[in-house]
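**Student:** Build me a structure from this.
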Amino acid sequence: MKNPNIKTKVVHSQSKSAWNVIGQTMPGKYKIARLPYVCCDDKVVEEINRLEALEHAQFISHCFNHSEAIIKAYDHG
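**Tutor:** Okay, here's the model as predicted:
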């Protein structure tokens, strides 16, 4: 497995109901992932969807930001 060596952060999309995982350094790839969530009439359900998408985005970002340790564990496992 190749280390992507990318540092990322999570930001909310400016135009969509989604969280974006974006690269923090240029000229690398800017948007790594988009995690949309469903908007609906039920605000409680919408908030649950929004928070679940945020958790997934944070997990993806964490994996990129700790890729060296993940690859090391993968190679030794």
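
**Student:** which residues of this structure score low on pLDDT?
**Tutor:** Along the chain, segments meeting pLDDT under 70 span 77.

**Student:** show me where it has strands.
**Tutor:** 8-12, 18-23, 31-36 (DSSP state E).

**Student:** just so I know, which of these lies nearest residue 73?
**Tutor:** Set against residue 73 and scored by C-beta to C-beta, the strands of the chain come closest in strand 8-12, at 19.2 Å. Bear in mind the C-beta positions are built from the backbone N, C-alpha and C, glycine included.

**Student:** Pull out the buried residues from that closest one.
**Tutor:** 8, 10 (16 or more other C-beta atoms under 10 Å).

**Student:** wait, what's in contact with the residue sitting nearest the centre point of the chain?
**Tutor:** By C-alpha atoms, centre = their mean, the mean C-alpha position of the chain lies nearest to residue 57, the distance being 2.9 Å. Each residue near residue 57 by C-beta atoms under 8 Å, 6 or more residues apart in numbering is listed here: 10, 19-21, 33, 35.
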